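In: Next one to model:
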Amino acid sequence: MFPGAAQLGEVVAIVQALLHAILVEGVTAAYARLIKSANLAIDDIHGKPDWLSKLKVVCVYYINVGSMVPATAPLPLAEEASPHVPGLMTTWREGANKAATSLQPQGGVVVGTIRMGYGHHRIAYATTSWALGMDKKTYFHDLLNVDSPEAQLIIDMDKLYSKGSRMATELGGPVEKLWGMITKNGDENSLRVFYQMAEHLRPLMQAIPRSTPIIATHCFVGMLAVSLGFKHVINLVIDNYAQWFIVVPGAYNLVQGPSNYHNLLRMGVPADRLPPPRPPVPQDPL
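Out: Next up, the predicted model:
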């Protein structure tokens, strides 16, 4: 005998519930494996995500990093005087530049940045001008200047973002609108994704003493420094659109203007980690 409509409906409901349970369990397990070795528990700050949020984090993470496993060994670093800015030191992977010598940052300040567009470097150079003006030994630490799989990962992620932006612009309409929704939806899940990706970059700063002050002009640098246990980390927030992924938990987050400052406060960023705004202006013009 063939089952009636009511019986068939019950079977379908049972199968759907079973598949849903399997999916939820699988996503939960994958998310637990992902954050198992994280040195900063984002979930302790923002609460435990639901299974859909976990699915989003896991999917976006693996789209960006693929099968790459985070390395644990530090990359030896070297330093060389900048040919462009008197007194400024630039960093290299040891052995990549014959003129560079072993990194000796004791008593100095490291301004960490990533060569993604001009904005990050503009703020980084403005910051170094103040440190140099205070007679501090100052390092310009561009993560992409350290030739390594980790630097290549940043380049690949930037290419993926640029490709998505170009496709959205070329196709326009609903695709461009969807891309805008994705890139402007910087919620807590985007912070979870960014932090987990930053964990992959640990070798790029692991050789720097933890007592060294770190000033970050890219959130990856700030998250990386916090994950490594640096004691003095300042994150210069380069974006004036308030989103969670531009904030570095555990660091002091400095914004450029009052609008972003008040929006981040309303979002729940702790006031003791969000000093009043001070725009990054080079010391020389002042």
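
In: Show me the helices in the stretch 51-200 of the chain, by range?
Out: In the stretch 51-200 of the chain, helices defined by DSSP state H, counting those that start in this stretch lie at 51-65, 119-133, 149-171, 173-183, 188-199, listed in chain order.

In: What are the buried residues along the third one?
Out: In this case it means helix 149-171. By neighbour count on 16 or more other C-beta atoms under 10 Å, the buried set for helix 149-171 is 150, 151, 153, 154, 157, 168. C-beta coordinates here come from the backbone N, C-alpha and C atoms, glycine included.

In: Next one: the first one from residue 251, what distance?
Out: Between residue 150 and residue 251 the distance, using C-beta to C-beta, to the nearest Å, works out to 20 Å.

In: where are the low-confidence patches of the protein?
Out: For the chain, the stretches with pLDDT under 70 are 1-12, 117-118, 175, 177-186, 278-286.

In: ok, back up a step: okay if I get the helices of the stretch 51-200 of the chain as TSV plus distance to residue 77?
Out: TSV is the format used below for the helices of the stretch 51-200 of the chain (distance: least, C-beta to C-beta, whole Å):
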stretch	distance to residue 77
helix 51-65	23
helix 119-133	17
helix 149-171	12
helix 173-183	33
helix 188-199	18
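
In: For residue 217, find the nearest of these.
Out: Residue 217 lies closest to helix 119-133 among the helices of the stretch 51-200 of the chain, at 4.4 Å (C-beta to C-beta).

In: Can I get the closest one in PDB? Just the C-alpha atoms.
Out: Extracted in PDB, the C-alpha atoms of helix 119-133 (Å, rounded to 0.1, in the frame of the first residue of the first chain):
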ATOM      1  CA  GLY A 119      45.100  54.900   2.600                       C
ATOM      2  CA  HIS A 120      46.900  52.500   4.900                       C
ATOM      3  CA  HIS A 121      50.400  53.800   3.900                       C
ATOM      4  CA  ARG A 122      49.300  57.400   4.100                       C
ATOM      5  CA  ILE A 123      48.300  57.000   7.700                       C
ATOM      6  CA  ALA A 124      51.300  54.900   8.500                       C
ATOM      7  CA  TYR A 125      53.700  57.600   7.200                       C
ATOM      8  CA  ALA A 126      51.900  60.200   9.100                       C
ATOM      9  CA  THR A 127      52.300  58.200  12.200                       C
ATOM     10  CA  THR A 128      56.000  57.500  11.700                       C
ATOM     11  CA  SER A 129      56.600  61.300  11.400                       C
ATOM     12  CA  TRP A 130      55.400  61.800  15.000                       C
ATOM     13  CA  ALA A 131      57.400  58.900  16.300                       C
ATOM     14  CA  LEU A 132      60.500  60.200  14.600                       C
ATOM     15  CA  GLY A 133      59.800  63.700  15.800                       C
END
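
In: The closest residue to residue 53 other than its chain neighbours - how many residues pack around it?
Out: Nearest residue to residue 53, sequence neighbours excluded (C-beta to C-beta, 6 or more residues apart in numbering): residue 189, at 5.1 Å. By other C-beta atoms under 10 Å, the residues close to residue 189 number 21.

In: show me what contacts residue 189?
Out: 49, 53, 56, 57, 60 (C-beta atoms under 8 Å, 6 or more residues apart in numbering).

In: Apart from its chain neighbours, what residue comes closest to residue 176?
Out: Closest residue in space to residue 176, ignoring its immediate chain neighbours: residue 168 at 4.5 Å, by C-beta to C-beta, 6+ apart.

In: Residue 131 now?
Out: Nearest residue to residue 131 in three dimensions, chain neighbours excluded: residue 138, at 4.1 Å (C-beta to C-beta, 6+ apart).

In: Now do the one you found against residue 97, distance only.
Out: 18 Å.

In: So between those two, which is more surrounded?
Out: residue 138 (24 against 16).

In: Check the gap between the more buried one and residue 91 for me.
Out: Residue 138 is 11 Å from residue 91, by C-beta to C-beta.

In: same check, this time on residue 151
Out: Residue 151 is 12 Å from residue 91, where distance means C-beta to C-beta.

In: any common contacting residues for the two?
Out: The contact sets of residue 151 and residue 91 overlap at residue 145 (C-beta under 8 Å, 6+ apart).
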